[in-house]
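Participant: sequence plus predicted model, see below.
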Amino acid sequence: MREKIGTMLILSLLVLAIASCGCTESTGQQAVPNSSAVLQNSDKVQITDMLDRQLTVPAEISSVVATSPPSTILVYMLAPDKLAGWNFKNNFTQPFMDENYTSLPVIGGWFGTQTGNYETIISMDPDIVIEGYTTDGQINEAIERRQESFGSIPVVAVDDSIIFVTQSDPTIEYVGKLLDCEAQAEKLIEFRGSILNEINNTVKDIPEDEKVRVYYAEGPKGLMTDPSGSQHSQVIDICGGINVADCPLTPGSGMTQVSIEQVMDWNPEIIITSNPQFYASVYSDSLWESVDAVRNKRVYLAPQNPFCWIDRPQGPHLIIGTAWTAKMLYPDLFADMDLSGLTREFYLEFFHYELTDEQLNTLLNPAAEA
């Protein structure tokens, strides 16, 4: 009995100790996601990342590198002044991004092209490296290999489900806590929820035979695509369109090659594309002239700056591209959706850039420059 009472006392003291450690104002140290311990009399805290790994990181994180675009864009949207570099950068004449961020170095990463360089990133001395992980493959081994390569720089694993528009909230919330910007994370989650609710409530009752048939044209010739279920064409599924592509789903980087004969057979009512070169030629290319979407002038080029709104890269910014897709697919059903207002709000709040009227018009009408 005495042993049992002693054990209970010890547990109670531990609970009190942990509770007192959670008071960030009294310790001068910030709470972090799933914190298991705050290191007293230290400028470090111990955290648990999204793979349940225990890590010690600086109490105040001021410099972050992420190894792939989805995580990098999320850091930019939540805590731009903590971002130390880009994985890639589009060379637009109008990036619609403040010079403080366009001037950040391009450091590559490990996504698709595998352009990351450990020595370059280590020389930048970031407080942490954020590594997105997916649920396929040997996750822990891959993360541990990355950690070994980065040495003493903590590698924080975050769930890369953020590439899926409807599954991003847990990672947004986690990174918000990690970088001490929870209010900004909550603002993004609310913005996302508002758009997704409006879309879901509008498209859920569309009869199957009234849904629009959509083709996602990729590549300069428009003859690469991704079928329903792909992360690259997800906005069509979310917005209640029927993705007409009846072809294999290429995992990872996607882009399944198809023929013009297949597209003609599918005969989509609408084509959406992220490729300006294809858009610039589709209306004058005789190969496409018999396709309903072309005959009816319903080919739409997604906004591009500073990142494409619907694909490549995937990431938390695709929420504004989802709203755009809904308007393109069902203009009558979404007549009351204020895309201009949403775009202004999104760029100001999450891309940290105030669009002028002219810039907004340019952004929402990329076809004029294609």
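Facilitator: Right, received. Where do you want to start?

Participant: only C-alpha atoms for contact and neighbour calcs from this point on.
Facilitator: OK.

Participant: could you pull out the strands for this protein?
Facilitator: Secondary structure of the chain (DSSP state E): strands located at 37-38, 44-48, 54-58, 64-66, 128-133, 155-159, 213-217, 224-225, 242-243, 256-257, 270-273, 299-301.

Participant: out of the ones you listed, which is the most enclosed?
Facilitator: Highest mean neighbour count among the strands of the chain (mean count of other C-alpha atoms under 10 Å): strand 64-66, with a mean of 27.

Participant: remind me what that one packs against, helices and strands.
Facilitator: helix 69-78, strand 128-133 (3 or more C-alpha pairs under 8 Å, 6 or more residues apart in numbering; DSSP states H and E).

Participant: where does the stretch 101-250 of the chain have low pLDDT?
Facilitator: 134-138 (pLDDT under 70).

Participant: sorry, back to before: as TSV, the strands of the chain with distance to residue 186 would be great.
Facilitator: Below are these laid out as TSV (distance: least, C-alpha to C-alpha, whole Å):
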stretch	distance to residue 186
strand 37-38	24
strand 44-48	20
strand 54-58	23
strand 64-66	20
strand 128-133	20
strand 155-159	17
strand 213-217	32
strand 224-225	34
strand 242-243	32
strand 256-257	37
strand 270-273	31
strand 299-301	30
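
Participant: picking that back up, among the helices and strands packed on strand 64-66, which is nearest residue 173?
Facilitator: helix 69-78 (10.1 Å; C-alpha to C-alpha).

Participant: other SSEs contacting the closest one?
Facilitator: strand 64-66, strand 128-133, helix 169-178, helix 339-350.

Participant: just name the most buried of these.
Facilitator: Ranked by average neighbour count under the criterion mean count of other C-alpha under 10 Å, the helices and strands packed on helix 69-78 are headed by strand 64-66 at a mean of 27.

Participant: re the thing from before, save the helices and strands packed on helix 69-78 as CSV, and put in distance to residue 227 too.
Facilitator: Shown next, in CSV, are these (distance: least, C-alpha to C-alpha, whole Å):
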stretch, distance to residue 227
strand 64-66, 29
strand 128-133, 23
helix 169-178, 25
helix 339-350, 26
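
Participant: wait, which of those is closest to residue 236?
Facilitator: helix 339-350 (17.2 Å).

Participant: what about the closest one, distance to the chain center?
Facilitator: On the basis of C-alpha atoms, centre = their mean, to the nearest Å, helix 339-350 sits 16 Å off its chain's mean C-alpha point.

Participant: and what of stretch 230-241?
Facilitator: On C-alpha atoms, centre = their mean, the centre of stretch 230-241 falls 15 Å from that of its chain.

Participant: can you tell me what sits against that stretch?
Facilitator: Here stretch 230-241 makes contact (C-alpha atoms under 8 Å, 6 or more residues apart in numbering) with 163-165, 199-200, 203-204, 206, 211-214, 216, 226-229, 242-243, 249, 251, 254, 310-312, 314, 321-322, 325-326, 329.

Participant: pull out the buried members of these.
Facilitator: 163-165, 199, 203, 212-214, 216, 226-228, 242-243, 249, 254, 310-312, 314, 321-322, 325-326, 329 (16 or more other C-alpha atoms under 10 Å).

Participant: all helices of the stretch 151-300 of the chain, in order?
Facilitator: Counting by DSSP state H, counting those that start in this stretch, one finds helices in the stretch 151-300 of the chain at the ranges 169-178, 182-203, 234-238, 260-266, 276-282, 292-295.

Participant: okay, now the domains of the chain?
Facilitator: What the TED database lists as the domains of the chain is 44-190, 206-368.

Participant: tell me the contacts of the residue nearest to residue 359 when sequence neighbours are not counted?
Facilitator: Once flanking residues are discounted, residue 359 sits nearest to residue 96: 8.0 Å by C-alpha to C-alpha, 6 or more residues apart in numbering. Contacts for residue 96 (C-alpha under 8 Å, 6+ apart) come out as 305, 306, 353, 355, 359.

Participant: lovely, talk soon.
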